[in-house]
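Novice: for reference, the sequence and a predicted model appear below.
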There are 2 protein chains.
Amino acid sequence: MPGPKRWRHRFREQVCRWTMPREAILDLLSRTSKHMSPKEIYGEIQKSYPGIGLTTVYRTLDLLVRSGVINRFSFGDGQSRYEFKEGRKQSQHYHLICTQCGRIFDYSDFVEEELAIVRKTEAILAKKYNFMVQDHNIEFYGLCDQCQSQNERRS
Amino acid sequence: MPGPKRWRHRFREQVCRWTMPREAILDLLSRTSKHMSPKEIYGEIQKSYPGIGLTTVYRTLDLLVRSGVINRFSFGDGQSRYEFKEGRKQSQHYHLICTQCGRIFDYSDFVEEELAIVRKTEAILAKKYNFMVQDHNIEFYGLCDQCQSQNERRS
DNA sequence: ATTGTTAATGAAAATGATTTTCATTATCAT
DNA sequence: ATGATAATGAAAATCATTTTCATTAACAAT
């Protein structure tokens, strides 16, 4: 379903109007594989919706997170980053964060095995601590390929 | 080794002087099991070192992170949080974050099994993506015991 | 298609965490 | 005890995010 109201149906339940900025931001996030910050999203959206306010970007991102359509992450670089949440199981993935250049990579190897352990842990946490798990996150910090070779050249 | 220079020896290698604020901050972090923010640390340190500046707290925390003595975390509440890094293997743990009250809990159940999977994943990541893992992080988001019962009472 | 209600927007100001600047102070090698 | 200079603290600057409020636009009712 292409066109300006592509995502509208997802929000029937919500008490809200479906507007151009919302369509534009969700559309952008659904296309990119990057983990964009509000400012990056703002810059990109200018092209399809000039005159949009940064405030609206923030508000829309909040709405989309609350609606469960996107995920918010804090990778420790001082700004939040957002990711479209696919419904498909195969889209399960975790993140590699380069501590030098800040780039973020997705990986989905071993996710099945990791999920098995995670489920097991969740059950224990629920029983032992009475903690109701809603979501989980696994991330690796280190040096990406490029930064490693860059460092070699330098030394 | 108690006393005002308790931690000094850890920094022989670093090109730096060992000062009262540094001692006080590291001492505090080594004692607490909380995951404190700069402002919380600042408030607490006032008691043992009145007149300390918030700036110095920030600078010292940076130093300690760079020195590998403490860990920095972003749990998504808009401020960074710090944790003393124990050397012992048994101190390996991950975090439960309550999405309602923001409290953070440590857990160390299943850590052995999780570490096994993590090691396996690290090996693949190194080979397939040439990503050099330095550190990793696992966290669960959800509702803590207290917030769950609070919600029940309300509804 | 037009209209009225009001949710959503955008600009500017406010907030809050963190960083920078710079004159002063205190550590520690000598 | 002393001097070089690393570390400090106060204030200002920066940067992400939130709030305020007057204006605009979505859409239900006509």
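Specialist: Sure thing, it's come through. Numbers count the residues shown, from 1 in each chain, chains lettered A, B, ... in the order given.
Novice: quick one, strands of chain A?
Specialist: Assigned by DSSP state E, chain A shows strands spanning A:70-74, A:80-84, A:94-98, A:104-107, A:132-143.
Novice: contacts for the last one?
Specialist: What that stands for is strand A:132-143. With contacts defined as C-beta atoms under 8 Å, 6 or more residues apart in numbering or on different chains, strand A:132-143 is touched by A:73, A:75, A:94-100, A:114, A:118, A:122, A:125-126, A:151, B:96, B:99, B:121-122, B:125, B:131-143, B:148. Yep, even glycine has a C-beta here, placed from its N, CA and C like the rest.
Novice: hang on, the earlier thing: for the strands of chain A, which one sits closest to DNA strand D?
Specialist: Nearest to DNA strand D, of all those, is strand A:80-84, at 3.7 Å by C-beta to the nearest atom of the strand.
Novice: neighbours around A:Val57, how many?
Specialist: 23 (other C-beta atoms under 10 Å in any protein chain shown).
Novice: point out where chain A drops to low pLDDT.
Specialist: A:1-5, A:12-15, A:88-90 (pLDDT under 70).
Novice: how is chain A partitioned into domains?
Specialist: Annotated domains of chain A cover A:1-85, A:87-155 [automatic domain parsing].
Novice: next, see if the longest one gets close to chain B.
Specialist: Looking back up the chat, that one is domain A:1-85. Yes - applying C-beta under 8 Å from any C-beta of the partner chain, one finds that domain A:1-85 is in contact with chain B at A:72-76, A:80.
Novice: which of the residues you listed count as buried?
Specialist: Buried subset of the residues of domain A:1-85 next to chain B (neighbour count, 16 or more other C-beta atoms under 10 Å in any protein chain shown): A:73-76, A:80.
Novice: can these go into CSV with extra columns for distance to DNA strand D?
Specialist: CSV is the format used below for these (distance: C-beta to the nearest atom of the strand, whole Å):
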residue, distance to DNA strand D
A:Phe73, 10
A:Ser74, 8
A:Phe75, 11
A:Gly76, 11
A:Ser80, 4
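Novice: dump the strands of chain A into JSON lines; add distance to DNA strand C as well.
Specialist: Formatted as JSON lines, these follow (distance: least, C-beta to the nearest atom of the strand, whole Å):
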{"stretch": "strand A:70-74", "distance to DNA strand C": "10"}
{"stretch": "strand A:80-84", "distance to DNA strand C": "13"}
{"stretch": "strand A:94-98", "distance to DNA strand C": "17"}
{"stretch": "strand A:104-107", "distance to DNA strand C": "19"}
{"stretch": "strand A:132-143", "distance to DNA strand C": "17"}
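Novice: any idea which of these gets closest to B:Leu64?
Specialist: strand A:132-143 (17.1 Å; C-beta to C-beta).
Novice: buried residues in that closest one?
Specialist: Buried residues in strand A:132-143, defined by neighbour count with 16+ other C-beta under 10 Å: A:132-133, A:136-143.
Novice: again, but for stretch A:23-36
Specialist: A:23-29, A:34-36.
Novice: got it, and stretch A:56-73?
Specialist: A:56-57, A:60-61, A:63-64, A:69-71, A:73.
Novice: DNA strand C contacts on chain A?
Specialist: Counting by C-beta under 7 Å from any atom of the strand, the positions of chain A adjacent to DNA strand C are A:15-17, A:19-22, A:49, A:51-53, A:55-56, A:59-60, A:78.
Novice: separate out the buried members of those.
Specialist: A:21-22, A:49, A:52, A:56, A:60.
Novice: give me the nearest residue to the residue nearest the centre of chain A, chain neighbours excluded.
Specialist: In chain A, the centroid-proximal residue (C-alpha atoms, centre = their mean) is A:Glu83; its distance is 2.0 Å. In space, and not counting its chain neighbours, A:Glu83 is closest to A:Asn71: 4.8 Å by C-beta to C-beta, 6 or more residues apart in numbering or on different chains.
Novice: hang on, the one you found packs against A:Lys85?
Specialist: Yes - A:Asn71 lies in contact with A:Lys85 (C-beta atoms under 8 Å); the separation is 5.3 Å.
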